[in-house]
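Enquirer: Fold the following and give me the result.
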Amino acid sequence: MQLYYSIVIFHPIFALIGVEGSIFIGYLVAVLPSSVTALTVTPALCAILLPHRRLPEKEP
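Expert: Below you'll find the predicted structure:
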(Lines give C-alpha, C1' and ligand atoms only; values in the text may rest on other atoms or scores of the structure.)
Protein backbone atom coordinates (compact mmCIF):
# COMPACT_ATOMS: atom_id res chain seq x y z
CA MET A 1 0.00 0.00 0.00
CA GLN A 2 2.90 2.31 0.72
CA LEU A 3 4.17 1.90 -2.83
CA TYR A 4 0.75 2.86 -4.19
CA TYR A 5 0.70 6.02 -2.08
CA SER A 6 4.21 6.94 -3.18
CA ILE A 7 3.26 6.58 -6.84
CA VAL A 8 0.06 8.61 -6.48
CA ILE A 9 1.66 11.39 -4.44
CA PHE A 10 4.84 11.80 -6.46
CA HIS A 11 3.45 11.17 -9.96
CA PRO A 12 3.05 14.88 -10.82
CA ILE A 13 6.58 15.60 -9.60
CA PHE A 14 8.06 12.93 -11.88
CA ALA A 15 6.50 14.70 -14.87
CA LEU A 16 8.89 17.64 -14.37
CA ILE A 17 11.58 18.27 -16.95
CA GLY A 18 15.05 19.75 -16.60
CA VAL A 19 17.13 19.74 -13.44
CA GLU A 20 14.13 19.25 -11.18
CA GLY A 21 12.99 16.22 -13.15
CA SER A 22 16.42 14.61 -13.04
CA ILE A 23 16.55 14.99 -9.25
CA PHE A 24 13.25 13.22 -8.79
CA ILE A 25 14.08 10.54 -11.34
CA GLY A 26 17.06 9.74 -9.12
CA TYR A 27 14.64 9.47 -6.21
CA LEU A 28 12.47 7.09 -8.21
CA VAL A 29 15.48 4.95 -9.09
CA ALA A 30 16.26 4.64 -5.37
CA VAL A 31 12.74 4.13 -4.00
CA LEU A 32 11.27 1.70 -6.54
CA PRO A 33 13.82 -1.13 -6.15
CA SER A 34 13.77 -0.65 -2.39
CA SER A 35 10.00 -1.01 -2.30
CA VAL A 36 10.05 -4.09 -4.51
CA THR A 37 12.70 -5.68 -2.29
CA ALA A 38 10.75 -4.86 0.88
CA LEU A 39 7.59 -6.42 -0.54
CA THR A 40 9.10 -9.57 -2.08
CA VAL A 41 12.59 -10.57 -0.99
CA THR A 42 12.36 -9.73 2.71
CA PRO A 43 9.27 -11.88 3.48
CA ALA A 44 10.71 -14.76 1.45
CA LEU A 45 14.01 -14.65 3.33
CA CYS A 46 12.17 -14.50 6.67
CA ALA A 47 10.18 -17.59 5.74
CA ILE A 48 13.35 -19.45 4.77
CA LEU A 49 15.79 -18.33 7.47
CA LEU A 50 13.72 -17.92 10.63
CA PRO A 51 13.06 -21.06 12.67
CA HIS A 52 9.58 -22.54 12.50
CA ARG A 53 8.54 -22.85 16.13
CA ARG A 54 5.10 -23.06 17.58
CA LEU A 55 4.15 -20.61 20.29
CA PRO A 56 3.31 -22.16 23.65
CA GLU A 57 -0.40 -22.39 24.29
CA LYS A 58 -1.77 -20.37 27.17
CA GLU A 59 -4.09 -21.97 29.65
CA PRO A 60 -7.43 -20.15 30.07
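
Enquirer: CA atoms for contacts and neighbours, from now on please.
Expert: Fine.

Enquirer: now the helices for the protein?
Expert: 2-14, 19-49 (DSSP state H).

Enquirer: Mean pLDDT added to those, as JSON lines?
Expert: Compiled in JSON lines, these are given as follows (pLDDT from 0 to 100):
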{"stretch": "helix 2-14", "mean pLDDT": "74"}
{"stretch": "helix 19-49", "mean pLDDT": "85"}
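
Enquirer: possible to save those as JSON lines with mean neighbour count?
Expert: Formatted as JSON lines, the helices of the chain follow (neighbours: other C-alpha atoms under 10 Å):
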{"stretch": "helix 2-14", "mean neighbour count": "12"}
{"stretch": "helix 19-49", "mean neighbour count": "12"}
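
Enquirer: Take the ones you listed and lay them out in CSV including distance to Glu57.
Expert: Below are the helices of the chain laid out as CSV (distance: least, C-alpha to C-alpha, whole Å):
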stretch, distance to Glu57
helix 2-14, 34
helix 19-49, 22
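
Enquirer: quick one: the residue nearest the centre of the chain from Pro56, how far?
Expert: Closest residue to the average C-alpha location of the chain: Ser35 at 2.1 Å, with C-alpha atoms, centre = their mean. Distance of Ser35 to Pro56, computed by C-alpha to C-alpha, to the nearest Å: 34 Å.
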